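K.L.:
Pasting the sequence and the predicted model now:
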Amino acid sequence: MGPQSTTGRVNQKLRTRTAIVRAAAELSRTGQEVTMPEVARAALVSEATAYRYFPDLVSLLREAVVGQLPTPEEALAPVAGSTDPVERVAAATEFLLRHVLARQGVVRAMIAATVVRPGEAAARPGLRFGLIDHALAPAAQDDPARDPGALAQLRRDLAVVVSAEALFSLTDLHGLDPEDAIASIVHTATTLTRSTLAAPGADGTPAAR
């Protein structure tokens with residue numbers, strides 16, 4: 001096999017891989033269930049070919065969603081001028097949950113893989129921790145006397161609440177409409193934040209120091 005033939009094979013493999021990744025990325029934006037047969041069909045390759053390039057659906061999805069996730073700064077741009085942690089956490093919570101709803105097929109696939117193979121959880125793409133940290137950044141700076149342990153605990157508490165798992169629990173198990181589920185989770189997240197940081201209440205009560 002000559003150099004030209006070898007180069008042609010390499011280029012063809014690259015085009016095939018790119019087509020598979022692009023198909024997975026496009027399907028992930030639909031919010032529908034994403035499966036390897038569907039990806040292969042969209043990429044105009046066989047399922048066996050798709051598996052030759054990616055050992056499983058999750059490894060493919062990890063590559064496909066690269067570049068789709070906004071930075072925390074981009075996500076919270078509407079409240080960039082606010083230093084109110086309650087307002088910022090509300091915005092972060094709503095952004096994350098609407099992002100999950102728009103891409104729930106790929107999110108569900110990622111969660112399922114994490115449950116089956118917990119050792120791979122660290123490789124799961126995610127927004128929540130960066131969003132939570134960015135939302136709470138002003139709270140970490142505005143009061144040097146604030147107990148850092150309390151702030152760390154709040155981050156952990158919010159990680160449980162501000163999550164795809166919490167959203168799917170309310171929609172799938174409790175039967176809530178997605179909008180009602182989002183409102184409920186935003187309420188819980190802001191209540192946690194307000195209580196922990198003694199932020200001003202909705203009635204304008206001054207912050208406790």
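P.N.:
On my side now, so go ahead.
K.L.:
Break the protein into its domains for me.
P.N.:
3-64, 72-197 (automatic domain parsing).
K.L.:
Output the below-cut-off pLDDT ranges for the chain.
P.N.:
Applying pLDDT under 70 to the chain flags residues 1-5, 118-125, 143-145, 199-209.
K.L.:
ok, which stretches of this structure are helices?
P.N.:
3-28, 36-43, 47-53, 57-64, 72-75, 85-102, 104-116, 128-142, 148-161, 164-168, 178-197 (DSSP state H).
K.L.:
tell me which residues of the longest one are tucked away?
P.N.:
Taking 16 or more other Cβ atoms under 10 Å as the basis for neighbour counts, the residues of helix 3-28 that come out buried are 16, 17, 19, 20, 21, 23, 24, 25, 27, 28. Heads up, the C-betas are built off the backbone N, CA and C, glycines and all.
K.L.:
Repeat that for the third one.
P.N.:
Taking 16+ other Cβ under 10 Å as the neighbour-count basis, helix 47-53 is seen to contain the buried residues 50, 53.
K.L.:
Touching it from outside, list them.
P.N.:
Helix 47-53 has contacts (Cβ atoms under 8 Å, 6 or more residues apart in numbering) with 16, 17, 20, 36, 37, 39, 40, 43, 60.
K.L.:
before we move on, the earlier item: just put the buried residues of helix 3-28 in JSON lines and tack on distance to residue 182.
P.N.:
JSON lines is the format used below for the buried residues of helix 3-28 (distance: Cβ to Cβ, whole Å):
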{"residue": "16", "distance to residue 182": "39"}
{"residue": "17", "distance to residue 182": "37"}
{"residue": "19", "distance to residue 182": "35"}
{"residue": "20", "distance to residue 182": "33"}
{"residue": "21", "distance to residue 182": "30"}
{"residue": "23", "distance to residue 182": "29"}
{"residue": "24", "distance to residue 182": "26"}
{"residue": "25", "distance to residue 182": "25"}
{"residue": "27", "distance to residue 182": "24"}
{"residue": "28", "distance to residue 182": "20"}
